[in-house]
Every structure is written in C-alpha cells, then in structure tokens.
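J.: Build me a structure from this.
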Amino acid sequence: MTKLPVSIPENAQGRIITSVGVLYTVETSSGICTCKARGIFRKRGITPYVGDYVMLSEDGVISEILPRKNSILRPPVSNLDQIFFVTSTCHPTPNLLLLDSFLTVAIYQDIQPAVILTKVDLDRGEKLESLYADAGIPVYLVDYDKPETIDNVAKLLDGKISMMTGNSGVGKSTLLNAIAPELQLATGEISEKLGRGKHTTRQVQLYPCAGGYLADTPGFSTFEVEQYLQMDKDCIADCFPEFRPYLGQCRFSDCAHVCEKGCAVVEAVRAGKIAKSRHDAYVSLYQTAKQRKAWES
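T.: I've put the predicted structure just below:
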C-alpha cells in the first residue's frame, strides 16, 4: 500500500494528479497509472480536471468523476483546499483590484485564500498586511533571513491540496524552492512544459510538497480572469469577510451595498471600518456581474 501525501476518499479509486492532452495520471492507494477517460465525457462536454476523484473501470479507463467541491477554470484544477496569492510589497507594485478579484473568486468557490507577502526586506508592507488582515484574510510575510516565516507557509500545505499563484516577479519560484528544495529542478522544467512556447504541450500537475499537494499554476495574467464574471451579484458581498457584520443591517433588505442611503456597509466605509479600496473592488465586481446578467437576459 502506497502512502500518499493526501488521503483519497474511500468512495474514490483515485485522484488525477497530471493531465496532458487526453492522458491522465491517476494516483491510487496501490500505485500510479496513466489512462484515458471514457468517450462519453467528451460527448457530454465534461473534461476531467487535475484534482478530480475518479472511479476506474476494470480496463483502466476513467469511468466516473465524483462530484467536485470546487473548481478553477484556468488552470483546470478541482477540489482545492486553499489558494495562496503571492504578492510583492513593492516591485512589482501590487495590483489591489486584481488581487481582490481573485480573493473573491476563491471565497465564492469555497476555497480558503491567503495572501503571502514577499520582498519584505525592501518594504515591510505594513499597510498591505493590515489591509488584508483587517479584512479577515490570512496574511503571511516571507523573510528569507527568518526561516520560521518559510516554515509558517510550509506547515499550511500539510494534508491539503493547494494552489499558489502570483504576478511575474513576485518571487513565487523562490518561495517554492525554499519550501521544498527538491522541487528546484522541477520548477525549471514546469515552465517549459506549461506551454509558454507555441509548440509545447500544456500540462497541469499536482506535486507532492510539504505533506500535501501543490498545483503548479500560471501567474495572474493567465489565471482565469473571467471566472469572477460567473458570480451571482447578490452573493458577492458575502465573499468580503469584513462586510459580514454589516449585512442585514441596511435600511433596505435588497440593498446592493454600492451607494444606497442607509447602507450599513457604505456607512462602515465612511467610518473607516472597511477599507475604501476593498469596497471599490466590491463595487467593480458587482457592477460587472450586474451588467453580465442584464446582457444575458
């Protein structure tokens, strides 16, 4: 019996850990196999994702995909426990609107988000840290002169299926290599395999890391930016943890929390209890979702 970093549920025969074209690597409690999926999935418009728990037929073909607790469209990964958004405190300058958008997507998908701040030796990032800590988002500072800060992030991976993403230049690869030095060679290879060039094959993979699995992912620029467009506008406020104490306290029960009179959220923003940048991000997401719904109707 093979000991796996993260246990497979009893009702599943395996977990997809790699996807390359139509081939899938499935990890089971007794070993690893490479297989294809039944043709019926393609006819139904269903694509197996890395992270899916699956049933295998006697001839070694994926015959069933078990229900997902969540999924990300690009890269196609499912059943994530957490997403780490690696953000530099200075260079490159953080794009707060984009970061807030992705944090909202994670919470909407019931995935625990966290912000990891790098380059704190150049800029301590106190304002950035307090912005998200006050919003109820876990924040971790990484200082390579303090090994305990690396350990704090590594401990979060144990027993979890995680995803780590961030803009180019924020130091994601440096962080990964510090957490798991054995991945240094793999990190270089991943960039080649992920299809940065025109003639390479796109690959998505879960890598054993610090007692869990880590999904290799692209940066924000190719993270599924359209995913937040699929959110129900009336659920977006629930994805801002700092809004929750004020929801249900507005003058009108159908308050959009944008600029309405008697809105408890707007009043909290004016009182400095909710950061204006966070509310601005909410308004942008809400208006985008509202326009999409109007366009579809």
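J.: Show me the strands in the stretch 101-250 of the chain, by range?
T.: 112-118, 139-141, 161-166, 203-209, 212-215 (DSSP state E, counting those that start in this stretch).
J.: looking at these, which has the lowest confidence?
T.: Lowest mean pLDDT within these: strand 203-209, at a mean of 85.
J.: Extract the CA atoms of it and return them as PDB.
T.: This file holds the C-alpha atoms of strand 203-209, laid out as PDB (Å, rounded to 0.1, in the frame of the first residue of the first chain):
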ATOM      1  CA  GLN A 203       0.300  20.300 -18.600                       C
ATOM      2  CA  VAL A 204      -1.400  20.700 -15.300                       C
ATOM      3  CA  GLN A 205       0.000  18.800 -12.400                       C
ATOM      4  CA  LEU A 206      -0.200  18.300  -8.600                       C
ATOM      5  CA  TYR A 207       3.200  18.000  -7.000                       C
ATOM      6  CA  PRO A 208       3.800  16.400  -3.600                       C
ATOM      7  CA  CYS A 209       5.000  19.200  -1.400                       C
END
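J.: what helices or strands is it leaning on?
T.: strand 14-20, helix 184-193, strand 212-215 (3 or more C-beta pairs under 8 Å, 6 or more residues apart in numbering; DSSP states H and E). Placement of C-beta: from N, CA and C, glycine included.
J.: mind running it again at 7 Å?
T.: strand 14-20, strand 212-215 (3 or more C-beta pairs under 7 Å, 6 or more residues apart in numbering; DSSP states H and E).
J.: Can you tell me the strand partners of it and which way each runs?
T.: strand 14-20 (antiparallel), strand 212-215 (antiparallel) (DSSP bridges).
J.: Of all those, which one is nearest K155?
T.: K155 lies closest, by C-beta to C-beta, to one member of the strands paired with strand 203-209: strand 212-215, at 10.1 Å.
J.: buried ones in the closest one?
T.: Neighbour counts over strand 212-215 (16 or more other C-beta atoms under 10 Å) mark G212, Y213, L214, A215 as buried.
J.: didn't G212 look like it was pressed against I161?
T.: Yes. If you go by C-beta atoms under 7 Å, G212 and I161 touch, sitting 6.4 Å apart.
J.: Need the overlap of contacts for the two.
T.: Shared contacts of G212 and I161, defined by C-beta atoms under 7 Å, 6 or more residues apart in numbering, comprise V6.
J.: In the stretch 101-250 of the chain, mark out all the helices, start to finish.
T.: Secondary structure of the stretch 101-250 of the chain (DSSP state H, counting those that start in this stretch): helices located at 126-134, 147-157, 172-179, 184-193.
J.: got the angle between the longest one and strand 112-118?
T.: Note on geometry: by axes from the mean of the first three to the mean of the last three C-alpha atoms, to 10 degrees, helix 147-157 and strand 112-118 are set 160 degrees apart in direction.
J.: now helix 147-157 against strand 161-166, angle please.
T.: Using the same axes, to 10 degrees: helix 147-157 against strand 161-166 is 130 degrees.
J.: Show me what helix 147-157 is packed against.
T.: Using 3+ C-beta pairs under 7 Å, 6+ apart, the elements in contact with helix 147-157 are strand 139-141, helix 172-179.
J.: Over to the residue lying closest to R68 once chain neighbours are set aside: give its phi and psi.
T.: Take R68 and drop its neighbours on the chain: the residue closest to it by C-beta to C-beta, 6 or more residues apart in numbering is S78, 4.4 Å away. Dihedral pair for S78: phi -130, psi 170, per degrees, to the nearest 10.
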